[in-house]
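Enquirer: For reference, the sequence and a predicted model appear below.
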Amino acid sequence: MKHTLVDSPIGELTLVGDGDVVTGLYFPHHWTRPDRTTFGPRDDDAFPDTVRQLKEYFAGQRTEFAVPMRAEGSSFDRAVWTELATIPYGSTATYGDLANAVGGLPHEVGAAVGRNPLSILVACHRVVGKNGKLTGYAGGLKRKQFLLELERPPASERGQLW
């Protein structure tokens, strides 16, 4: 295991992984962040492709991530995380939508979404409550709002002139 730190507009991100495979991306004060002692030594040269792709994402130049990653969790968690990966850039889904897709209850899906260890890379910020309401996010609602706004198309592409 090793980790590196990445500066971002939403705070310093911690990338954790095994070899070249990313197994975690965490925010400062992340709700479900594991104990730092499990991250292994800091390696400022670790995960160069992931770091580059994150910078491109925050610059509005990337809509998908193509990096080796692995998330550990229950079969239900992994089913939810697989479903998260199908939500397109710039779109949202509700906890109810995901529950219907994986066969669980919305609150069970919400708990699994909250345990997603690959925030941003597996875009749990795209999950919202009924009627589009922003609800819990392991990185905090301000970060969730920032990421959703980052993914919004420009007004001209939404058919708005101003």
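Expert: Received the coordinates, thanks.
Enquirer: Listing request: residues of this structure with sub-threshold pLDDT.
Expert: Low-confidence regions of the chain, defined by pLDDT under 70, span residues 154-162.
Enquirer: What are the boundaries of the helices in it?
Expert: Under the criterion DSSP state H, the chain carries helices at the ranges 48-58, 75-84, 95-102, 106-114, 141-151.
Enquirer: contacts for the second one?
Expert: So the one you mean is helix 75-84. Taking contacts as C-beta atoms under 8 Å, 6 or more residues apart in numbering, the residues outside helix 75-84 that touch it are 71, 73, 98, 101-102, 104, 108-109, 112-113, 115-116, 118, 122-124, 126-127. In this view, the C-beta of every residue, glycine as well, is placed from N, C-alpha and C.
Enquirer: Compare the helices of the chain and give me the one nearest residue 20.
Expert: Among the helices of the chain, the nearest to residue 20 by C-beta to C-beta is helix 48-58 (8.2 Å).
Enquirer: what's the angle between that closest one and helix 141-151?
Expert: An angle of 80 degrees separates the directions of helix 48-58 and helix 141-151 when computed by axes from the mean of the first three to the mean of the last three C-alpha atoms, to 10 degrees.
Enquirer: Just the buried residues of helix 48-58, please?
Expert: Residues 50-51, 53-54, 57-58 are the ones in helix 48-58 that count as buried (16 or more other C-beta atoms under 10 Å).
Enquirer: same deal with stretch 67-80?
Expert: Using 16+ other C-beta under 10 Å as the test for burial, stretch 67-80 gives 67, 69, 71, 77, 79-80.
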